[in-house]
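Curious how this folds, go ahead:
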Amino acid sequence: MPTTTAAQRRAAARAHYDAYLAQCPARQLLDRIGDKWVSLTVNALADGPQRYSDLRRRLAGVSEKMLTQTLRALERDGLLSRTVAATVPARVDYTLTPLGHDLLPLVRSIKDWAETHMPDVLAARADYDHRQQDSGT
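Numbers count the residues shown, from 1 in each chain. Predicted coordinates for the structure are as follows:
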């Protein structure tokens, strides 16, 4: 039996991921990065390390619980790192990892697309709602 390198084993495992399958880990990751708070948090960290309180102010409407869950999930997935400075009070900074920086252009593009096309989407929604009212459904 031939010996395989770690890189070859990772490449073979990657070939088996199929997000269309219900149990595929890639689907779970897509679910995670498709979350609005994940996308906004990754975008907010684009300019460098930030403290929890800075993120909370930047992400208007996020609850403490949701931000904490989001940060923990991103850390678990290797997209951000959490650094605790031994100061009084303790200072905790969050920063994107190289993997998080890899994701950044994608979520930034989606955010930019949403902001740019919002007038078109609002017009389409109004048109749809009007048609639904006219048809009685």
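
contact partners of stretch 46-65?
Contacts of stretch 46-65 with the rest of the structure, by Cβ atoms under 8 Å, 6 or more residues apart in numbering, involve 37, 40-41, 44-45, 67, 70-71, 83, 91-96, 104, 108. For every residue, glycine as well, the C-beta is placed using N, CA and C.

Swap in 6 Å and give it another go.
With contact meaning Cβ atoms under 6 Å, 6 or more residues apart in numbering, stretch 46-65 is reached by 37, 40, 44, 67, 92-95, 104.

One more: stretch 87-102?
If you take Cβ under 6 Å, 6+ apart as the criterion, stretch 87-102 is touched by 45, 49-52, 78-85.

which one among those residues gets closest to Ala126?
Comparing these against Ala126 with Cβ to Cβ places Leu45 closest, at 34.8 Å.

Look at the closest one and give its secondary structure.
helix (DSSP: H, G, I helix; E, B strand; the rest coil).

count of neighbours near it?
Leu45 sits with 25 neighbouring residues when counted by other Cβ atoms under 10 Å.

Just the ones of the contacts of stretch 46-65 in helices?
37, 40, 44, 67, 104 (DSSP state H).

who touches the first one in this structure?
By Cβ under 6 Å, 6+ apart, the residues touching Trp37 are 62, 66, 70.

Please apply the same query to the last one.
With contacts defined as Cβ under 6 Å, 6+ apart, Leu104 is in contact with 42, 46.

any idea which element Arg10 lies in?
Per DSSP states H and E, Arg10 falls inside helix 6-15.
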